[in-house]
Every structure is written in structure tokens, then in C-alpha cells.
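Enquirer: here are the coordinates; sequence isn't available:
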């Protein structure tokens, strides 16, 4: 069990730097403080799907696994 946790933590440490690009919400503004139209329209340019779809898919998968295990046990 100890080897499994070491492999998992190493995997997470190697995978985490590749996922940091998703943390940037918007590109920086133009230099000099010039005001231009927003990069997207309508103005609230907020990325809503920042991994929520993966969390929903994982929750559905876990629920299916639990339901299957419960049915198999009975």
C-alpha cells in the first residue's frame, strides 16, 4: 500500500504543473492602459466551465460504481 501512495503522489506532483494553465481566466490588458472593447461579448467574460464538467462526470461515475457494488452485494 505504501508503494501505491508514493506512485500516486508522484503522479500528482508531475501532473499538477501541466494543469496550471487552466487557472488563467483572461489575458492581460493592452499596455499603456488603453481601453478597447472586451475580448468577448457580452462583457462578463468569466470562464464558467473551469473543470466543473469533470467533477460532474466523476460524481456520476462514482454513483454508478456504488450502485453497481450495492446491487452485486445483494
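Expert: Noted; the coordinates are in hand. Quick caveat, the model's predicted, so the values are computed rather than measured.
Enquirer: C-alpha only now, for contacts and for neighbours.
Expert: Fine.
Enquirer: Mind jotting down where the helices sit in this structure?
Expert: Applying DSSP state H to the chain gives helices spanning 2-19, 52-73.
Enquirer: could you redo those as TSV and give each row distance to residue 31, mean neighbour count and mean pLDDT?
Expert: Shown next, in TSV, are the helices of the chain (distance: least, CA to CA, whole Å; neighbours: other CA atoms under 10 Å; pLDDT from 0 to 100):
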stretch	distance to residue 31	mean neighbour count	mean pLDDT
helix 2-19	27	10	81
helix 52-73	33	11	90
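Enquirer: so can I have TSV of those helices showing distance to residue 40?
Expert: Compiled in TSV, these are given as follows (distance: least, CA to CA, whole Å):
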stretch	distance to residue 40
helix 2-19	23
helix 52-73	21
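Enquirer: I'd like the distance between residue 63 and residue 74.
Expert: Residue 63 sits 17 Å away from residue 74, going by CA to CA, to the nearest Å.
Enquirer: Residue 52 too?
Expert: Where residue 74 is concerned, residue 52 sits at a distance of 33 Å (CA to CA).
Enquirer: repeat for residue 11
Expert: Distance from residue 11 to residue 74, counting by CA to CA: 36 Å.
Enquirer: got it, and residue 9?
Expert: 35 Å.
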